[in-house]
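[1] have a look; sequence and predicted model below, questions after that.
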Amino acid sequence: MPNRRPVTQVLTALAAVALFLITLPRPASAAALPEVIGFGSNPGNLQMFRYVPAGLPPGRPVVVALHGCTQTAAAYANTGWPQLAECGRFTVVFPQQRSANNLNLCFNWFEPGDTRRDAGEALSVKQMVDKAKQDNGSSTAYVTGLSAGGAMTAVLLATYPEVFAGGGIIAGIPYQCATSVLTAFGCMNPGRDLTPAQWGDRVRAASPHTRPRPKVSIWQGSADFTVAARNATELVEQWTNVNGTDQIPDRTDTVAGYPHRVYGDAVEQFTITGMGHGQPADPGSGPAQCGTAGAYLLDVNICAAHHLTRFWGL
């Protein structure tokens, strides 16, 4: 049976109400996405929802999409991932947090028991990937997420680098920035300043796996006051160091009018000027458009999910 968190941990989660949170009405139910039961031991007590395009050929990739606080799997599906899955022919797994673990439905990116390899929520998500791969004969997976889901994306890239070929961290936090609720507040804002080597060492200590490392796309709004923009700089330092690249961009340009930096062939950074806390979306039917504007899904004329598929080669 999946474990339930002790009362003390639930109360601790309540103290994290400010973590990636501006209180909003609950989004729509996840009923539009089929739930998958029995995907493993599930030590993190998460739910698994999945979108599989009709007639999907065997062997196609798996994308994991992690929601932010107060969101559900169905709400995060409005980022456009199901539509992109239809075009690109891949499976999308939507993990969902339970209020028994965190009253605000935040993934527990700051809890040591959930951020280690083969433990807690990190292992639960890895088991979801294993199930999706097994069901469709897939060998490749990618992971992305917003806010607390972005921070958990960094956790998964660090703890299971052999599982994920690439990641997309949106308004997230570097791996092992925080190991408690109290330290999480400072990581969110103003952020924590470590050297690239110090950040990289934390990732290297998370798994016995060495090479290859996942390629990572980092997205941040310049006007985000929930997760300070400094976190994007620290994430770039962490993942360039892990991938053996310096912190000087090899290419700088603009995409849809926004600054874009590329470091080697493994790390890129988007700065969405003027955007607050949320995931970039660009509603419409154009080839580069996707997403539906809503709570934490911000219409800024660029769709992060679309650009992630391009970066990963999907």
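    Noted; the coordinates are in hand. Note that this is a predicted model, so its numbers are computed, not measured.
[2] all contacts plus neighbour counts: C-alpha atoms, from now on.
    OK.
[3] residue 190 belongs to a strand?
    No: when classified by DSSP: H, G, I helix; E, B strand; the rest coil, residue 190 is found to be coil rather than part of a strand.
[4] can you pull out the strands in the stretch 201-314 of the chain?
    Assigned by DSSP state E, counting those that start in this stretch, the stretch 201-314 of the chain shows strands spanning 215-221, 251-255, 258-263, 267-272, 279-281, 297-299.
[5] touching the longest one from outside, list them.
    When you say that, I think you mean strand 215-221. Counting contacts by Cα atoms under 8 Å, 6 or more residues apart in numbering, the residues outside strand 215-221 that touch it are 165-172, 229, 232, 235-236, 239, 265-278, 304, 308, 311-312.
[6] out of those residues, list just those in helices.
    The subset of the contacts of strand 215-221 located in helices under the criterion DSSP state H comprises 232, 235-236, 239, 304, 308, 311-312.
[7] how about CSV for these, with distance to residue 77 added?
    Listed next are the ones in helices among the contacts of strand 215-221 as CSV, based on distance: Cα to Cα, whole Å:
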residue, distance to residue 77
232, 24
235, 25
236, 27
239, 27
304, 13
308, 15
311, 20
312, 19
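[8] would you reformat those as a markdown table and include pLDDT?
    Compiled in a markdown table, these are given as follows (pLDDT from 0 to 100):
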| residue | pLDDT |
| --- | --- |
| 232 | 98 |
| 235 | 98 |
| 236 | 98 |
| 239 | 98 |
| 304 | 98 |
| 308 | 98 |
| 311 | 98 |
| 312 | 97 |
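[9] follow-up on the earlier one: okay, the strands of the stretch 201-314 of the chain, which one's buried deepest?
    Most buried of those, by mean neighbour count (mean count of other Cα atoms under 10 Å): strand 279-281, with a mean of 29.
[10] helices and strands around that one, which ones?
    Strand 279-281 is packed against strand 297-299, helix 304-312, with contacts defined by 3 or more Cα pairs under 8 Å, 6 or more residues apart in numbering; DSSP states H and E.
[11] partner strands of it and their direction?
    strand 297-299 (parallel) (DSSP bridges).
[12] model confidence over the partner strand, on average?
    In this model, strand 297-299 has a mean pLDDT of 98.
[13] equivalent analysis for stretch 156-169, please.
    Here the mean pLDDT over stretch 156-169 is 98, rounded to a whole number.
[14] what sits up against it?
    In this structure, residues lying in contact with stretch 156-169 by Cα under 8 Å, 6+ apart are 115-117, 122, 126, 140-146, 150-151, 153-154, 175, 203-204, 206-207, 209, 212-219, 308, 312.
[15] now do the same end-to-end measure for that stretch.
    Distance between the two ends of stretch 156-169: 11 Å, counting by Cα to Cα, to the nearest Å.
[16] hang on, isn't residue 302 packed against residue 257?
    No: with the criterion set as Cα atoms under 8 Å, residue 302 and residue 257 do not qualify as a contacting pair; they are 9.1 Å apart.
[17] comparing these two, which residue is more hemmed in?
    Per other Cα atoms under 10 Å, whichever of residue 302 and residue 257 has more neighbours is residue 302, with 23 against 11.
[18] top helix in this protein by residue count?
    In the chain, ranked by residue count with DSSP H as the criterion, the top helix is helix 120-136.
[19] in its sheet, what does the following helix or strand past it sit against?
    Where DSSP states H and E defines the elements, the next helix or strand beyond helix 120-136 is strand 141-146. Pairing partners of strand 141-146, with direction, according to DSSP bridges: strand 62-66 (parallel), strand 164-170 (parallel).
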